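Novice: Show me how the following folds:
(2 chains)
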There are 2 protein chains.
Amino acid sequence: MSGTTKLHYLDDLYVGQRFVSGETQVTEDAIKAFAREFDPQPFHLDDEGAKATFFRGLAASGWHTAALTMRLNVDGGLPLAGGILEMEVELTWNAPTRPGDVLHVESEVMEIRPSKTRADRGVVVALSKTINQRGEIVQALKANLLVFRRPAA
Amino acid sequence: MSGTTKLHYLDDLYVGQRFVSGETQVTEDAIKAFAREFDPQPFHLDDEGAKATFFRGLAASGWHTAALTMRLNVDGGLPLAGGILEMEVELTWNAPTRPGDVLHVESEVMEIRPSKTRADRGVVVALSKTINQRGEIVQALKANLLVFRRPAA
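Specialist: Numbers count the residues shown, from 1 in each chain, chains lettered A, B, ... in the order given. Below is the predicted model of the structure:
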């Protein structure tokens, strides 16, 4: 997983700005390991058991897709100085993540709201789309991020 | 982790209905292991490194809190027949999860919308509050869940 390395302060961001992450492949083992720990439902644990369910085959937990999206964004997909500080998010899962899928994240700055009370920071609304190797958006994440201004020299 | 065992179909749910999950304790090791895999930022990885950051000490990734919330809900916290099928969620993180914290989830049915086109299902809006041992709400999760009706006998 790789991405741009320049870290952006609030001052460096503009509405419409786009970022693209590196890629990550999701293995069947990783899907099952995440599910055993955090989301042990039949459609996330076992291919046979998943066939008769809503998902019609093994699918990653949506929270696994969300966690992988975070990893891609931390690894340069969303290069924010001070880190990725999410306060509030809206998540939509549009399609399942399947064993072998290769995911990447495309993000866009939707809104920038400088704080009215604290001059050193603001809220940035970013939309991160998690996309598989077939070009399908498997997850859309709208996040309110706390972003700091560049410290005075 | 435990909870009620009766599984609820759409027919069994009503607005205002409440469910309470079992508890889970979040260890420092678990916080760091999740962070290494999914959210490797200093404030989630290392107590020393976290002191100078926004979090002022080691804090779990919000996605870790979200994943633990899912586990508590799957383990009886949100006892839905057919499983917990989230299509869309809104998440707010209000306070950090710290090493040693004990979390549980309190959920409430906010809205029930039977499908207009498919008689066997509906959307249920549930609010799940993840609460620590001090009674602080660390996360609020509003989820649109796909819930099925009881199959005809």
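Novice: Near the residue nearest to A:Ser21 when sequence neighbours are not counted, how many residues? Count them for me, please.
Specialist: Nearest residue to A:Ser21 in three dimensions, chain neighbours excluded: A:Gly77, at 2.8 Å (CB to CB, 6 or more residues apart in numbering or on different chains). To be clear about C-beta, it is placed using only N, CA and C from the backbone, and glycine gets the same treatment. By other CB atoms under 10 Å in any protein chain shown, 25 other residues sit near A:Gly77.
Novice: Repeat that for A:Phe55.
Specialist: 18.
Novice: Likewise for the one 5 residues further on?
Specialist: Summarising burial for A:Ala60: neighbours were counted as other CB under 10 Å, giving 29.
Novice: Ok, A:Asp75 next?
Specialist: The local packing of A:Asp75 (other CB under 10 Å) involves 17 other residues.
Novice: wait, it sits on A:Glu23?
Specialist: No: assessed by CB atoms under 8 Å, A:Asp75 is found out of contact with A:Glu23, at 10.3 Å.
Novice: so how far is the first residue of stretch A:130-138 from its last?
Specialist: 6 Å (CA to CA, to the nearest Å).
Novice: secondary structure class for A:Leu141?
Specialist: For A:Leu141, the assignment made with DSSP: H, G, I helix; E, B strand; the rest coil gives strand.
Novice: That one: what's its closest spatial neighbour, skipping adjacent residues?
Specialist: Closest to A:Leu141 by CB to CB, 6+ apart is A:Ser128, at 4.5 Å.
Novice: can you tell me the helix or strand for the one you found?
Specialist: Taking DSSP states H and E as the criterion, A:Ser128 maps to strand A:121-131.
Novice: counting contacts, what elements does that strand pack onto?
Specialist: The elements that strand A:121-131 packs onto, with contact taken as 3 or more CB pairs under 8 Å, 6 or more residues apart in numbering or on different chains; DSSP states H and E, are helix A:62-72, strand A:102-114, strand A:137-148.
Novice: does any part of the second one sit near chain B?
Specialist: Read it as strand A:102-114. No: using CB under 8 Å from any CB of the partner chain, strand A:102-114 never reaches chain B; the gap is at least 12.9 Å.
Novice: quick check: mean pLDDT across that strand?
Specialist: Mean per-residue pLDDT for strand A:102-114: 98.
Novice: Tell me which residues are up against it.
Specialist: A:10, A:13-26, A:65, A:68-69, A:72-73, A:77-78, A:97, A:121-133, A:138, A:142 (CB atoms under 8 Å, 6 or more residues apart in numbering or on different chains).
Novice: Pull up the residues of chain A that are close to chain B.
Specialist: A:34, A:37-43, A:53-54, A:61-63, A:66-68, A:70-71, A:74, A:82-93, A:146.
Novice: Among these, which lie within helices?
Specialist: A:Phe34, A:Glu37, A:Phe38, A:Pro42, A:Phe43, A:Gly62, A:Trp63, A:Ala66, A:Ala67, A:Leu68, A:Met70, A:Arg71 (DSSP state H).
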